[in-house]
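# Requesting a structural model of the entry that follows:
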Amino acid sequence: MTASGLGKLYLEALHQNDGITMTTLTLRLRGLQAEIVESMVEAGLAETRSEAVRIALLQFGRSSGLIDEAALFKALQRAAAEKPLGDREILEGIRRSKRARVPRR
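Here you go, the predicted model:
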């Protein structure tokens, strides 16, 4: 599984049977926001810009306390059990994540 696969696993884990409805949203991103989204895609952390925005929103939810960490961990465990990663895939995902960090200005 690629680093992008890790992002998908994260998204799938959070949306399994959670009853959340889908919403269509048009965003206009400029400057650093646009650079971050593009960097996530270029680094393979997300396959598309939409997926990158979803991952970033979920990360914000975690860091702001809007997402219950215990529930997230359980959902990730369930999703990982269905799609196990090999050691090589995990290490490659970590390497890509480290290389993908956008420098702060």
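
# Assign Ala46 to helix, strand or coil.
coil (DSSP: H, G, I helix; E, B strand; the rest coil).

# An error on my part: the question was meant for Leu85.
Leu85 - assigned by three-state DSSP - is coil.

# and it, how many residues sit next to it?
Using other CB atoms under 10 Å, Leu85 is surrounded by 15 other residues. C-beta here means a position set from N, CA and C on the backbone, and glycine is covered the same way.

# Repeat that for the one 5 residues further on.
By the measure other CB under 10 Å, the count of residues near Ile90 is 13.

# Please report phi then psi for it.
Main-chain torsions, Ile90, degrees, to the nearest 10: phi -70, psi -50.

# ok, it - contacts?
Going by CB atoms under 8 Å, 6 or more residues apart in numbering, Ile90 touches no other residue.

# I'd like the distance between it and Phe73.
16 Å (CB to CB, to the nearest Å).

# go on, Arg62?
11 Å.

# the more surrounded of those two?
Set Arg62 next to Phe73 and count neighbours by other CB under 10 Å: Arg62 wins out with 15 against 11.
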